[in-house]
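>>> Okay, here's the prediction I keep looking at, along with the sequence it came from:
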Amino acid sequence: LARPRQGSPARQLVYVPRAAESRLSDAATDAPDRLPSDLVETSAMLPADVVAKLRELAGDFGETFDAVLADAAREYVLQRTGHARLSMCQEMLEEADRNEIATKLQGRSGPLESLESLYVVEPIITLVDGQLQGEHTVADVLKHGDFGLGTLDFLDGEVVVYNGVAYHQVTDGSCHVLSGSEVTPYMTVTHMDAHKSRTVTMTTEVDLDFVGLQDYLVNHVMRSRNVFYAVQVDGSFPVIKARCVPKQATNRRLVDVAAQQSLFDFQNQEGVLVGFFSPEYMGASINVPGFHLHYLSNDRQRGGHLLNCMIKAGATITVAEIHRVKVDLPYNDNFLMSSLDNDVSKDIKAAELER
């Protein structure tokens, strides 16, 4: 597998068959700094789908097909024969790829929004099924993002991640900072990058409840319901209705645990809503479909899972559009042997209701 040089339009992995390897290696060994003229002939040895992809990349970036193919082949043989090293680490390559895609989107599709990845550990369907013990610590998860939400083992309260700090929200409505050693059965995080997100002011003539806020986000802020969004809403809240579930002694289905939830009515709050929008077509397997938000007060003393609210006009809304999702699935036998092919959407909706 070859990853062409930085700046190359053929940045994607390109496969060169072993049949060509010896011939190309000999050519590169003889003249590592000069492109053998017959390298462009390797198109005959490449799979048709690879050739088609190279032609597509060449067209997108205004390069000739021969130049793209030759660049990919040269980099491949130089790496294989020790004449070149990767010029960028994997993280830098991925960032460069994101920037290229973002630039193209900005020119073709209107306002630029984030192309960060969403990281999920573990899928929400495990909680719905009553699998309440995780395999990752909060510190592990925070390596993948500085913004998000989740819970702790045995549904021990709620977790909200804001500005890289993980807060534990418990059944009396209070919050405290987590150490990072706690284990989570479900968290979702991303990097909320100010340079790749979109911030707008909520321009409405009246205050909005939670349903009205969701409609406003869909119709005036988001440009599609078919991708994921990180959602942050900073503002004044005359009313916040939130909940927190108590820690369980053993595994129980989420809908049963939610029947024991503690409810909070916070009045005249200044704070932030933190969470995500997930496309409905994804179902209730990875994340909660639609909007899933947690509340955190500005003094970081109160919060919980949002059930309803009133928010004043003039609130600041920040969204980041997300096109990539990484999910860490459990390794334990309970998960591996479970039957998770049933429709759990009704259980999710029941667990999300205000009771």
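Structure received.

>>> Low-confidence ranges, the stretch 101-250 of the chain, go.
In the prediction, the stretch 101-250 of the chain carries residues with pLDDT under 70 at positions 101-115, 195.

>>> Quick one: the helices in it, in order.
Counting by DSSP state H, counting those that start in this stretch, one finds helices in the stretch 101-250 of the chain at the ranges 124-128, 138-142, 210-216.

>>> Need the winner for burial among these.
Mean neighbour count, computed with mean count of other CB atoms under 10 Å, is highest for helix 124-128 among these, reaching a mean of 24. In this view, the C-beta of every residue, glycine as well, is placed from N, C-alpha and C.

>>> Which secondary structure state is assigned to Phe335?
With DSSP: H, G, I helix; E, B strand; the rest coil as the basis, the three-state label of Phe335 is helix.

>>> Val233: neighbour count?
By other CB atoms under 10 Å, the residues close to Val233 number 25.

>>> Just list whatever residues bridge to it.
The bridge-partner assignment for Val233, based on DSSP bridges, gives Leu273, Ile317.

>>> got it, and Val160?
Counting by DSSP bridges, Val160 is bridged to Leu149, Tyr167.

>>> change the start of the numbering to 547 and stick with it
Shifting the count to begin at 547 puts that one at Val706.

>>> Touching, it and Gly849? I think so.
Yes. Judged on CB atoms under 8 Å, Val706 makes contact with Gly849 at a distance of 6.0 Å.

>>> Common neighbours of the two, please.
By CB atoms under 8 Å, 6 or more residues apart in numbering, Val706 and Gly849 have these common neighbours: 713, 715, 721, 840-842.

>>> Could you export these as TSV, including neighbour count?
Listed next are the shared contacts of Val706 and Gly849 as TSV, based on neighbours: other CB atoms under 10 Å:
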residue	neighbour count
Tyr713	22
Gln715	26
Cys721	22
His840	24
Tyr841	29
Leu842	25
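
>>> Let's have those residues in TSV, adding distance to Pro669.
As requested, the shared contacts of Val706 and Gly849 are arranged in TSV below (distance: CB to CB, whole Å):
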residue	distance to Pro669
Tyr713	23
Gln715	22
Cys721	26
His840	18
Tyr841	24
Leu842	24
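
>>> Which residue, neighbours along the chain excluded, lies closest to Asp692?
Gly710 (3.8 Å; CB to CB, 6 or more residues apart in numbering).

>>> gap between that neighbour and Asp686?
Taking CB to CB, to the nearest Å as the criterion, Gly710 is separated from Asp686 by 14 Å.

>>> got it, and Thr672?
16 Å.

>>> ok, now Tyr665?
Between Tyr665 and Asp686 the distance is 10 Å, computed by CB to CB.

>>> ends of stretch 830-850, how far apart?
Start-to-end span of stretch 830-850 (CA to CA, to the nearest Å) is 21 Å.

>>> same thing with stretch 673-686?
The separation between the terminal residues of stretch 673-686, taken as CA to CA, is 19 Å.

>>> again with stretch 719-728
Here the two ends of stretch 719-728 are set 19 Å apart, with distance taken as CA to CA.

>>> likewise stretch 823-831?
Separation of the first and last residues of stretch 823-831 by CA to CA is 14 Å.

>>> Next, count neighbours for Pro731.
Here the number of neighbours of Pro731 (other CB under 10 Å) works out to 24.

>>> can you tell me which residues contact it?
668, 672-673, 677-680, 697-701.

>>> repeat that for 10 Å
Residues in contact with Pro731 (CB atoms under 10 Å, 6 or more residues apart in numbering) are 667-668, 670, 672-673, 677-682, 696-702, 797, 876.

>>> Also Ser725?
The neighbours of Ser725, taking CB under 10 Å, 6+ apart as the test, are 683-685, 712, 714.

>>> so which of the shared contacts of Val706 and Gly849 comes closest to Gly781?
When the shared contacts of Val706 and Gly849 are ranked by distance to Gly781 (CB to CB), Tyr841 comes first, at 11.0 Å.

>>> bridging residues for that closest one?
What pairs with Tyr841, by the bridge criterion (DSSP bridges), is Leu819, Gly850.

>>> what's near enough to touch it?
704, 706, 715, 719, 721, 779, 783, 786-788, 810, 812, 815, 817-821, 848-853, 855.

>>> So among those residues, which ones count as buried?
Neighbour counting with 16 or more other CB atoms under 10 Å marks 704, 706, 715, 719, 721, 779, 783, 786-788, 810, 812, 815, 817-821, 848-853, 855 as buried within these.
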